[in-house]
Every structure is written in C-alpha cells, then in structure tokens.
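*Asks:* Show me how the following folds:
(one chain, ligands or ions: 1)
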Amino acid sequence: MCGIVGYIGSRSAAQICLEGLHRLEYRGYDSAGIAVVRDGELDVRKVVGKLSNMDASLRETALPGTLGIGHTRWATHGKPSVENSHPHVSTNGRIAVVHNGIIENYGELREQLIGEGFVFKSQTDTEVMAHLVEKYYAGDLRVAVVRAVQDLQGAFAFGVICADNPDQLVAVRRFSPLVVGLGEGENYIASDMGAIRQETDRVYVIDDDEVALITREGVELTDLEGNPLEREVFVIPWPADAAEKGPHKKFMHKEIHEQPEAMRACLAGRLSDPDKPLQLDGLNMTEAEIKGLKKVVFTACGTAYHAGLVGRFLMEYLAKIPAECDLAAELRARNPVVLDNTLCVPISQSGETADTLVALRDMKGKGARCVSVLNVVDSSIARESDGAVYIQAGPEIGVASTKAYSLQVMTMTLMALHFAEVRGTADPALLRELKAALLKMPEYAAELLKREDDVIEVAKQYYQLKDAFYLARGVNLPSAMEGALKLKEISYIHAEGYSAGEMKHGPIALVCPELFTVAIAVHGDVYEKMIGNIQEIKARSGPVIGVADDGDDVIGGQADAMIWVPPVPELVSPLTTAIPLQLLAYHMADQRGEDIDQPRNLAKTVTVE
Ligand code: G6P
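*Replies:* Residues are numbered from 1 along each chain as shown. Just a heads-up that it's a prediction; the model follows:
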C-alpha cells in the first residue's frame, strides 16, 4: 500500500524521506516521489519502479531543502506513471500533498474543481486534495487542509506542504494509519513507526479526524473544529536495528529464523508450567464472561485468516463454543447473526488492514465484544477493540508473513486452552499435554530450523514445476492453505491448499507428473485417511512431498520426498508443520531467483478495502 513520510528540521528532507520510504518498501509500491520546499518554491522528484531509481536520481541531482514529504505509491486509481505518482501539486504549483487511502467521491469533486478552473495532471483520486487545499488557502495551511478534508469521503492519511509556509508540515487522517515522530528541533510524519524508528523512538499516534500542525519546534494536535488535543507520547518498544536484515539475505529468512525466540516471548508471562492455569493478558474479560460465551467469530485477511481457521477448530474442540471464521472482506457482506455474548476476534499482524477494521466496526455495531489478536502495538484495530492480545512477534518486514503466522496460531492455541480451562470443557490431562507441548515449541522450532538444508534439497527437486497442491485434513487444513499461500505469494508457482477429502470431488482431475502435492500427514485423528489420499495421488503419477513425524516409515515409503517434523500432539502440530512449509516456499522462490521480500503486486499492509 502507499506509504508516506515527511520531515521538517535542519537536515536534508529528501534524504530522510528516502530512508523512511526504504523502510516502508515492504508495504509494496510501484512508484515513488518526494517534494521539498526550498527558497519559497516547491521542488518535486518522481520515479516509476523501484526505490533504487530514486536513490540514483537523488545521487545524480540532489534535492536540497529542510521541509519535505515523500511517498511510495501502490496504484489504485490510474496506472503507475510519473504523472500519477505522488506528491501531487496544486494548479498554482504552491501546494504538494501525499496520500495513503482512497477518496471515494473524487469523481464529482474533480468535475467540480475542473469547472472552477483547476487543472488536473493525473488520473488519481489524490490530486483533488491538492486543488482543494489551494481553493481554501488564505494564508493558513492548517485551516485550508481542515476545510478541504471536510469535502472528502473515504479514507486518507495526508501530508501537506506549501511553498508559502516553509516552517509548517500539516498532516491529517481518517481511517488510514499515521504517526508523528518527535525529535529535537526536527519532527517527522510516517505511515508507520518503522519508517522513522531510525530517527526517533517517540511518536504521537494520530486518530481519525485529527490534524497535526508540525513545525521544527513542536507539534500541535487539534480536532477538525480546531480544539486542542492532549496526546501521550508513545515510546516505540523495539530497538532501532530490529528492522535490519542482519546476516540474512532476506527479511523473510530472518523472520523464519526468529521463530524460536518469538515463541518464547509469546509464551512469557502466560504459560510457564503445564500444571498451572495459563494467563492471557489483554483479553479484558472476566471468568464469568468467558463462561457465558455463546459464539466466537474469528475474522482476518490472508495469512491471519488461516490462523483464524486454526482458532475456530481449537475453540470448538477444546472450549466447546460454536465458532466461525470469516474472511474480513466477506464478513459484513453476509450480515452475520450476532447473539448475546458473541465474541469477535479480529486477527491482524499490522492492526491496520482496512477490511479487518471494517469487519471489527461492523461486529461492534451489532453488539459483539471484540478482542483482537495483534502484533503492532497501538494500531487502529487495537484502539477500537475491547481487548487486545499481542502475539509478541516484534517487527515483521517480509511481505510474506511467517513468524506472525506462527505466533498467531500459538495465540489461538493459548486462547482456546484458556477458555477451555475456565469453562472446564476439556479433559485436564489433554490440556496438560498440550500446555507441555507448547512449552517445548521453541525447541521444536529451533530443531526444525536446523533441518533447513533438507528442505533446500526438496525445493531443488521441484522448484521448476508450475503447479502444486497442499493437502491436509482437520486442524492442519489451514496449514495446507497457508503453505500454498506462502508458495504462490513469493515463487508465483500456482498452488492450492485443499482438504484432502475434497480431492475426489474435483481437484484430483489436475493430478499429473507436472503437479507436485505437499501432503501433511502427521499422526492423529486424520492420519489413516491421509495415507489413503496420498495413494490416490501416487496412483495418478503425481509426485508427493510428505510432511510427517520423524521415523514414520509408512509415509516415508510412499512419498517421493520427505519433510520430517518432530512428533507433537496433533492439536499443536500446525505450529511444527508451518515452519518447514515456510522454508520450502522461501527456497523454491530463491531457486527461481524471485525478489522474495518484494513480491510483485503485493503489499504487506493493505490499508484500502
Ligand atoms: C496482506 C499481506 C498478508 C497478510 C494480510 C493481512 O495481504 O500481504 O501477508 O496476511 O495482508 O494482514 P494483517 O496485517 O491484517 O495480518
């Protein structure tokens, strides 16, 4: 999605914006631009394609100035081009804006502004804002911005500068994320904290319909009526180098390898002894409220949705609460029935995914209690939820989510176990066994990472094929769906995750020597059936990569290649099967020479519906 950065201070605004934009690269983009104010004029530079093109352009000709705004664009309205790249400039050339979001009524505003003599240069929705600010500008930039946003419908975070106000940067948001970074004699704006963490660890998190007037000396926050707002400084909880690749070739690789430590952080303070009840901070629910639950609705997008599917399974299995899991983009459409005592659990790494935020608002409006499972602290979803349980993954930069998925699954497991304990709905011996397995999970994860070379060998065998099935049943069906998603996201191999039980109802028609199947067949309730399904694929000459427990000669004897995992109770096996499938996707993409951290067309944080 689009990323915005802005700077006002005494250093080079273009350089600081560029560094910030590099830190937002993971959001996905197709073009970029920077505008600065210098000697009473605006100077704008735009490039299409990778940010390295902007590096080169600025190396060739600098863009001096100590007030500036920058943008990476992920095209929604109008194809990637120099004209459509931000910053967009007003007709008189005095005002520049960068925008993240979508202006829904831009068509009618555009017609109206053209009728009033304003001249449009792009096909974007954003450009209306530049002309609107010019229309309302009478010397006070903040007043003009506030007046302009009153004409807008939709979602936005804007950074606005004006050649006539060289000491002011104005920012405003509705629905799209925005933070203001606080420095000494210099200040910043950004779409997320990671973009400016190198510069400062102190930020204001801006809320809907709030405006920030930023100067070199300070920041004034007001609402749209101009009333001053008090805001606590938020201290970013991770170190400046947390978002560096270190010795790893790619962020995705680094993050896969961070899982043992991240799992320890997720368990800390929640589960330390299998004989003691676990605690889940952030839930904000009494035992009576947990006991009274009649329904749980998980909702999320992408990878987080797959974690939600694990949550649904475990919530019914262990806590005996009827549970559903919906894609956030679909939840509102089906107009779900919300009973008294319905708990909605939005799951989101970023806490900013627009579809998930809309689903949360819809469920709250219908009377559900909403407890979110999140990674990024103080996000939009966190602020609108009744409770927030943090997965404690630390920053995740790789577009393909890995450690966040594992920790979302771990948190789903903790939540279901906790509810089962409180409600007394599961055999205490089973709960004890699962808690003991969770406590060992960081060691299992470390062991799985030691086996990376074996996964590389499997990847080398199959990376040239164009199609793949990922099959599983029961609690691991989401593991198959997530394994397939990882592969398609970064390697562009066409991959589908299916219930192995569904194969005979259609997909098996595609099985042939050119399509490989990854079959998750760890021991448990569905193991025997998986053996049968593997045989059906083999009988049709389809190559099979088995994912099975160490020492399982049956699967080992049938599959063409094997990925071994340490045996764990089936209900927690989505945690062990996830890691080698992440590595498989990574190494297949690596063999194919793909740009793993910046896969085509994808954005890590999707802030538009
Ligand atoms: C995008 C990302 C996915 C992610 C999904 C949900 O599509 O590319 O990796 O799973 O958004 O993101 P969230 O931040 O809500 O977990």
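
*Asks:* any chance you could map the strands in the stretch 51-200 of the chain?
*Replies:* Using DSSP state E, counting those that start in this stretch, the strands found in the stretch 51-200 of the chain span residues 67-73, 88-89, 95-103, 154-162, 169-174, 179-182, 187-190.

*Asks:* scratch that, the stretch 501-609 of the chain is what I was asking about
*Replies:* 515-520, 544-549, 561-565.

*Asks:* For the ligand, find the nearest of these.
*Replies:* strand 515-520 (19.4 Å; CB to the nearest ligand atom). Where C-beta positions appear, they are placed from N, C-alpha and C, glycine not excepted.

*Asks:* Please parse the chain into its domains.
*Replies:* Annotated domains of the chain cover 3-243, 245-445, 451-594 [automatic domain parsing].

*Asks:* Quick one: residues contacting whatever residue of the stretch 401-550 of the chain ends up closest to the ligand.
*Replies:* Using CB to the nearest ligand atom, the closest approach of the stretch 401-550 of the chain to the ligand is made by residue 401 at 4.0 Å. By CB atoms under 8 Å, 6 or more residues apart in numbering, the contact set of residue 401 is 302, 303, 304, 349, 604.

*Asks:* switch the cut-off to 7 Å
*Replies:* Shown in contact with residue 401 (CB atoms under 7 Å, 6 or more residues apart in numbering): 303, 349.

*Asks:* Wait, residue 95 touches residue 130, no?
*Replies:* Yes - counting by CB atoms under 7 Å, residue 130 is a contact partner of residue 95 at 5.6 Å.

*Asks:* Show me how far the lengthiest helix in the chain is from its chain's centre.
*Replies:* In the chain, assigned by DSSP state H, the helix with the most residues is helix 428-450. With CA atoms, centre = their mean, to the nearest Å as the basis, helix 428-450 stands 26 Å off its chain's centre.

*Asks:* Determine the set of other helices and strands touching that helix.
*Replies:* If contacts are counted by 3 or more CB pairs under 7 Å, 6 or more residues apart in numbering; DSSP states H and E, helix 428-450 sits against helix 259-267, helix 403-423, helix 573-591.

*Asks:* what does the stretch 351-500 of the chain put close to the ligand?
*Replies:* Residues of the stretch 351-500 of the chain lying close to the ligand by CB under 6 Å from any ligand atom are 353, 356, 399, 401.

*Asks:* Try it again at 8 Å.
*Replies:* Counting by CB under 8 Å from any ligand atom, the stretch 351-500 of the chain comes close to the ligand at 351-353, 356, 375-376, 381, 399-401, 404-405, 408, 489.

*Asks:* ok, and the most crowded of those residues?
*Replies:* residue 405 (32 neighbours; other CB atoms under 10 Å).

*Asks:* Report the separation between the residue in the stretch 151-300 of the chain that the ligand sits nearest to and residue 79.
*Replies:* Going by CB to the nearest ligand atom, the ligand is nearest to residue 300 of the stretch 151-300 of the chain, at 6.2 Å. According to CB to CB, to the nearest Å, residue 300 and residue 79 sit 30 Å apart.

*Asks:* Then residue 582?
*Replies:* 33 Å.

*Asks:* For these two, indicate the residue with more neighbours.
*Replies:* residue 582 (29 against 11).

*Asks:* Is it correct that the more buried one is in contact with residue 255?
*Replies:* No - Residue 582 lies out of contact with residue 255 (CB under 7 Å); the separation is 8.9 Å.

*Asks:* Run through the bridge partners of residue 205.
*Replies:* residue 179 (DSSP bridges).

*Asks:* thinking again about what came up before, out of the residues of the stretch 351-500 of the chain next to the ligand, which two sit at the greatest distance?
*Replies:* 381 and 489 (22.2 Å; CB to CB).

*Asks:* Next to the ligand, which bits of this protein? Give me the list.
*Replies:* 28, 300-305, 328, 347-353, 356, 375-376, 381, 399-401, 404-405, 408, 489, 602-606.

*Asks:* Just the residues you listed: which are in helices?
*Replies:* Using DSSP H, the residues of the chain next to the ligand in helices are 302, 303, 304, 305, 328, 356, 381, 404, 405, 408, 489.

*Asks:* Show the pLDDT at residue 79.
*Replies:* pLDDT for residue 79: 84.

*Asks:* scratch that, residue 450 is what I was asking about
*Replies:* So, for residue 450, pLDDT stands at 98.
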